[in-house]
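> Sequence and predicted structure below; questions after.
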Amino acid sequence: MTSRRGPGKRLALVAAAAIAVVTVPMALPAFYVALLGYVGLATLVALGLVLLTGISGQTSFGQASFVGLAAYATTLLTTRADASPLVGLAAGLAVTGVIAWLLGLVTARLSGHFLALASVAWGLSFFSLFGTIPQLHGFNGIGNIPPLRLGPFSAEDLRVNLAVIWAVVAIAMVMLVNLLDSRTGRAIRTLNGARLMGESVGIDTVRLSRAVFVVAALYAGVAGFLFAHFQRFISPTPFSLSMSIDYLFMVIIGGAQSLWGAPLGAVVVVALRDLFNDWMPRITGRPGDFELLVFAVIVIVLLQRAPEGLLPLLARLRRRPRRPDAAAADVAAAVPTAPMRTATAEPGRELLALDAVSRRFGGLAANRDVSFAVHEGEIVGLIGPNGAGKTTLFNVVSGVIPPTSGRVRLFGASSAALASRRVAALGLARTFQHVRLLPDRSVLENVALGAHLSGRAGVLRAMLRLDRTEDARLLAEARTQAVRVGLDGLLDTPAGDLPLGQQRVVEIARALCLRPRLLLLDEPAAGLRRPEKQRLAALLDQLRGEGVGVLLVEHDMDFVMQLADRVVVMDFGLKIAEGSPEQTQADPAVREAYLGGLA
Amino acid sequence: MDLFVFLALLQDGITTGAIYLLLAIGLLIVFSVTRVIFVPQGDLLAFGALTAASLQSGHVPGTLWLLDGGAVVALIASLFGGWRAARHGILAWGVYPALVTAAVVGLASQQLPAVSILLAVAIVTPMGPLVWRFAFRPIADASVLALLILAMALHFVLIGIGLVVFGPEEAAAPAVTDASLDLGLLTVPGQSIAVLVCCAALVIGLRWFFEASFHGKVLRAAASHRLGARLVGIDAGATGALAFGLASLIAALAGVLIGAMTPLSYDAGFDIGLKGFVAAIMGGLVSYPLAAAGAVLVGVLESLGSFWASAYREVIVFTLLIPILVWLSLRSRSVEDRA
């Protein structure tokens, strides 16, 4: 929501935060200074986990071991080698980053729960190593870690520590806000349940999930560095599996969907734990061990009743006016006019050629020996009864699944082994039969996903706000395409609030952002009203005029027959006819397929 | 290391491997039917061992009251679910716990190993369906990740309960037999043989169950296509309860078997369960034979590791995961959306 704030308000917020960071520690009693310090460190770890768990849909039960890796790295360097803490920080982050990268390499291609399970294993392994490697002095720990110094300032004072911790937390928070409001941030959101779509617009989801994992680990690493130099003594205990779980519980309790869930969860958990430490022994007569039980029960109830954590419950207290009803919004914009900046080669060159393509799923032959071609400046309709194999063919062409046999030639080269994101980079864009959008994000952000490949800024540039010119260009492109398909006025509406027909139009705008030479549309007109269909037809006609090839799966026969240059008819995986709309409509085999023996 | 030591370690490794195999099977059943990664299975294992130990020492175990309490709530809940649910609820959550309670109270003073073992299994087995009913079923359609986090939270609930019920001390479950088999170079304890026999019997029994019995086929249907199974009228709540019941039966049995060889404390189950995971992951969370091979490998590796580098034996086992995950990664080519 930060993006909607004015620059003045934002500046005031930053200034207020800065003043608070400096003054609040001075005014607090020592007990709260220490407590708030722990909250700050936990917030750092939890911020990384929000990015990992709530936003990218992965998780880790091993974050405390990253805290530990960085803490031990800086401890060894500063106590044994008399290195400066800055060297310790660099080394700590390098170690954490490399190990996280390697662990990510191992698990990023697998389903999310493998990462989580593996994280339990490495969490236990590192904990066990911290305790057994003789140089680390086991549970006796290592003391006399030097405090941070900058010129005359030394952070030996707890209050200075607290100010430093919260300044780092604030910077870390701003960097994540920046990241999420960027090309890479939009791409990260596809990792959570929309990877197929992400790949279709050219996002390397495997690499990106690894990057997210490394960022989360580095946040934990920064916390570990601060922890070592402020505590000035470390032992394996704070890096155990149950601490990792604590961090995860903070995120679940606070709310994994928003960055603000991290500080909220950290406050709640640290404060409650402190309360338990005070009261539990008096109630049960036994110290400790029950706090985790209570947190666990809270987490279970929250997961069942409020899976988005406490934050949305708090937010409900000051509810904003309901967003405008999308269905009622004005969508009757003018017929598209913006020019398409596609390569305009001589019309008629072959874009796609299928040569005896077959695709089997076990015993089921979804496509059998299908051959046809699509050329520049041509709309080819692909029709057939339900179950004819049209969508499978789409998936084969767009690289989602490889053909069992036969050849797919795309833009003159064989595309047999190309993953869908490579196909996207070559200039093929597609929409999905079952709409794949980020329902909570705005129409504009969804459309801008299609412009992913025309930007280059990565995680670091986004975090440091060095990507603004590029990002403005991407968003402008997205706006152009959204307006072109008639979505002006809806740009800020969450895509999931639109009626289904309009959601398909958002997918088309997203596809257009790829500046495709070949466009694959899977039932684009389904759910559209008549004037909307006419506008879509005009748009496709215009694209054809610009040399784009269109392969169109559609059940609305009037729509297809009015628009297509050629029609390919499929039934039971076989191509049963191909020709002009008139020819195919007269074809007895087609009539048989559609109308049975009665025709 | 001489041949004698090697053989002894190998025998030890195969025995614990058999336990890991049992756990891996339980995990796979639960995961394939409900998509829950059943982290607390290891805790139920510890419950099984400690319940048997408690019975053997002549006490009425606290887990019995836990079962009765959960059963009462489940019974009340089932009364609001129509007459079929109510009839089932009365049998499962009324009659069964009453019988078990009567048997425990009546037989606790006898201190017979076989009775203690059977009663422990009878007490701990219903915990799986209870956990399903109250923790997982309300969000059965959530993502695998959410279910996993819930499972992890549940683990902490169970060890909290375990501490209250059993206290912090270790205890040993009664052994099935004290006899041993002398093979010349190697003396195999009878308990090891009992473990292998139970493991084999369970594998064969489960195989029959899944291949031939109606409920087994229903579970397989639910595992192969959840939505499809639901569409043909298979009750996802009932299949989940059955899967969790099998898993907790397996865990309880594994607990009383391993608890006789190594004394366990209330929180010892997690590590053991985790090794079952390593084995299950070797099967990619889908393949039973691969998981079996993995389980034996984990057991043997751990046993040899504890001889050579005992401080690092946990690390060695968990590091084993890395090559497995690499292999699984290389095998999986496609990008999939995670349910």
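That came through fine.

> Could you report the neighbour count for residue A:479?
19 (other CB atoms under 10 Å in any protein chain shown). For the C-beta atoms, the positions are set from N, CA and C on the backbone; glycine is no exception.

> cool, and residue B:185?
As a burial measure, residue B:185 scores 9 neighbours (other CB under 10 Å).

> okay but it is in contact with residue B:2, surely?
No: using CB atoms under 8 Å, residue B:185 is not in contact with residue B:2; the gap is 10.1 Å.

> can you pull the contacts of the residue of chain A found nearest chain B?
The minimum distance from chain A to chain B, using CB to the nearest CB, falls at residue A:293 (2.9 Å). Contact analysis of residue A:293 by CB atoms under 8 Å, 6 or more residues apart in numbering or on different chains lists B:156-157, B:159-161.

> For the stretch 51-200 of chain B, list the residues in contact with chain A, please.
Applying CB under 8 Å from any CB of the partner chain, one finds that the stretch 51-200 of chain B approaches chain A through B:135, B:138-139, B:142-146, B:148-150, B:152-157, B:159-161, B:163.

> how about 10 Å then?
Within the stretch 51-200 of chain B, the positions near chain A by CB under 10 Å from any CB of the partner chain are B:134-139, B:142-164, B:167-168.

> which phi and psi does residue A:565 have?
phi -80, psi -40 (degrees, to the nearest 10).

> got it, and the one 10 residues further on?
As for residue A:575, its main-chain torsions (degrees, to the nearest 10) stand at phi -80, psi 120.

> circling back: got any residues that touch both of residue B:185 and residue B:2?
residue B:8 (CB atoms under 10 Å, 6 or more residues apart in numbering or on different chains).

> circling back to that earlier point, mean confidence (pLDDT) on the helix or strand encompassing the residue of chain A closest to chain B, please.
Element membership for residue A:293 (DSSP states H and E) is helix A:291-305. Across helix A:291-305, the average pLDDT comes to 87.

> Figure out how far it is from the centre of its chain.
On the basis of CA atoms, centre = their mean, to the nearest Å, helix A:291-305 sits 27 Å off its chain's mean C-alpha point.

> What's the first helix or strand after that helix?
Counting by DSSP H and E, what follows helix A:291-305 is helix A:310-317.

> Next, the buried residues of stretch B:112-127.
For stretch B:112-127, the buried set under the neighbour-count rule, 16 or more other CB atoms under 10 Å in any protein chain shown, comprises B:113, B:115-127.

> For residue B:105, state which of those residues is nearest.
The closest of the buried residues of stretch B:112-127 to residue B:105 turns out to be residue B:119 (CB to CB; 10.4 Å).

> Isn't the closest one up against residue B:111?
No: contact between residue B:119 and residue B:111 fails when scored by CB atoms under 10 Å: they sit 11.4 Å apart.

> Could you list the low-pLDDT ranges of chain B?
Low-confidence segments of chain B, defined by pLDDT under 70: B:1, B:283-286, B:331-339.

> Quick test: name the residue nearest the centre of it.
In chain B, the centroid-proximal residue (CA atoms, centre = their mean) is residue B:251; its distance is 2.3 Å.

> My understanding was that it contacts residue B:128; is that so?
Yes: counting by CB under 10 Å, residue B:128 is a contact partner of residue B:251 at 7.5 Å.

> what's the overlap in contacts for these two?
Counting by CB under 10 Å, 6+ apart, the shared contacts of residue B:251 and residue B:128 are B:26, B:38, B:40-41, B:44.

> Please indicate which of these are buried?
B:26, B:38, B:40-41, B:44.

> so of the residues you listed, which ones are in helices?
Among those, the ones falling in helices (DSSP state H) are B:26, B:41, B:44.

> would you turn the residues you listed into JSON lines with distance to chain A?
Shown next, in JSON lines, are those (distance: CB to the nearest CB, whole Å):
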{"residue": "B:26", "distance to chain A": "15"}
{"residue": "B:41", "distance to chain A": "13"}
{"residue": "B:44", "distance to chain A": "16"}
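
> okay, the residues you listed in JSON lines with distance to residue A:213 next?
What follows is those, written out as JSON lines (distance: CB to CB, whole Å):
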{"residue": "B:26", "distance to residue A:213": "29"}
{"residue": "B:41", "distance to residue A:213": "27"}
{"residue": "B:44", "distance to residue A:213": "31"}
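
> Residue A:211: which of those residues is nearest?
Distance to residue A:211 across these (CB to CB) is lowest for residue B:41, with 33.7 Å.

> which of the shared contacts of residue B:251 and residue B:128 lies closest to residue A:229?
For these, the nearest to residue A:229 is residue B:40 (37.9 Å; CB to CB).
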